[in-house]
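Enquirer: Kindly return the folded structure for what I paste below:
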Amino acid sequence: MRKKYYIIILFLIGTSSVFAEGIKFGIHFDPTIVWLRTDNKVNDGISLGFDFGMSLDYFFAKNYAFATGISMFNTGGNVNVNGFPSDYRIQYLKVPVGLKFKTHRIGRMIYSADMGFAAMARMTSKSESVSGFREQNANKDVKFFNVGWHFGGLAAYSLGGEAALFGGLSFLNTFTDMFKIGAVRKTTSGNIMLRIGIMF
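Expert: Numbers count the residues shown, from 1 in each chain. Predicted coordinates for the structure are as follows:
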């Protein structure tokens with residue numbers, strides 16, 4: 001199933017030339033620091049994840065764009081399920097929607113900020129007991145949909161023409177319950193994401 005979504009992303013990138021000049025595409029990889037919150041309490045420590053996919057900016061004015069895209073978001077962490085601590089690894093198909101604001105070019109640099117919401121659909125989920133039980137499918141515990149809000153900033157370095165390298169930081173906060181009723185108490189997540197990519 002994972003390969004199918006990567007093929008879709010590559011296909012959309014390969015056909016980008018048919019779109020209007022006001023649309024910019026990018027590929028990004030975001031190493032992520034994740035922490036889970038249950039009933040306003042932070043669970044054990046932090047975990048690492050990553051987000052990989054394609055961004056799309058539609059500029060409806062010179063410095064303002066509608067920002068969206070599609071990516072595979074890998075997240076998770078330690079939570080107590082019915083009294084047993086378990087490590088959950090969850091992969092979502094993530095579609096952000098929001099607004100981007102950018103500066104005029106300053107030398108070879110352009111700076112931007114974006115904010116909005118992200119809708120996520122669970123693709124796979126696995127859990128492994130901290131006490132050593134083997135890894136198992138966790139779809140019975142993890143809800144299919146998740147929603148959050150995000151904001152961040154980027155700096156882009158022009159490579160000439162339309163191509164640019166970019167990097168920045170963003171924060172994603174989920175506000176819907178990640179787990180099904182009866183599995184754990186209400187759980188949300190905070191995510192600090194280091195974005196690295198190329199735009200063309």
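Enquirer: drop to CA atoms for contacts and neighbour counts, all remaining ones
Expert: Will do.
Enquirer: wait, doesn't Phe60 sit right on Lys100?
Expert: No: counting by Cα atoms under 8 Å, no contact exists between Phe60 and Lys100, whose distance comes to 10.5 Å.
Enquirer: what number of residues lie near the spatially closest residue to Asn63 that is not a sequence neighbour?
Expert: In space, and not counting its chain neighbours, Asn63 is closest to Lys102: 5.2 Å by Cα to Cα, 6 or more residues apart in numbering. Neighbour count for Lys102, taken as other Cα atoms under 10 Å: 17.
Enquirer: Buried ones in the longest strand anywhere in the chain, by neighbour count?
Expert: Secondary structure of the chain per DSSP state E: the longest strand is strand 109-129. Going by neighbour count (16 or more other Cα atoms under 10 Å), the buried part of strand 109-129 is 109-129.
Enquirer: can you check stretch 73-91 too?
Expert: For stretch 73-91, using 16+ other Cα under 10 Å, the buried residues are 73-81, 85-91.
Enquirer: what sits against Leu194?
Expert: 30-32, 167-170 (Cα atoms under 8 Å, 6 or more residues apart in numbering).
Enquirer: Pretty sure Gly152 sits in a helix.
Expert: No: using DSSP: H, G, I helix; E, B strand; the rest coil, the assignment for Gly152 is strand, not a helix.
Enquirer: what does stretch 145-154 rub up against?
Expert: Residues from elsewhere that reach stretch 145-154, judged by Cα under 8 Å, 6+ apart: 111-122, 166-178.
Enquirer: Show me where this protein has its helices.
Expert: For the chain, applying DSSP state H gives helices covering 2-14.
Enquirer: all strands for it, in order.
Expert: 23-38, 41-42, 47-61, 64-81, 84-102, 109-129, 136-137, 145-160, 163-174, 187-199.
Enquirer: could you say what helices and strands the third one packs with?
Expert: Contact partners of strand 47-61 among helices and strands, from 3 or more Cα pairs under 8 Å, 6 or more residues apart in numbering; DSSP states H and E: helix 2-14, strand 23-38, strand 64-81.
Enquirer: can you tell which of these is closest to Gly161?
Expert: strand 23-38 (12.2 Å; Cα to Cα).
Enquirer: could you give the angle of the closest one to strand 163-174?
Expert: 30 degrees (axes from the mean of the first three to the mean of the last three Cα atoms, to 10 degrees).
Enquirer: So which residues make contact with strand 23-38?
Expert: Contacts of strand 23-38 (Cα under 8 Å, 6+ apart): 13, 16, 42-43, 45-59, 75-79, 185-200.
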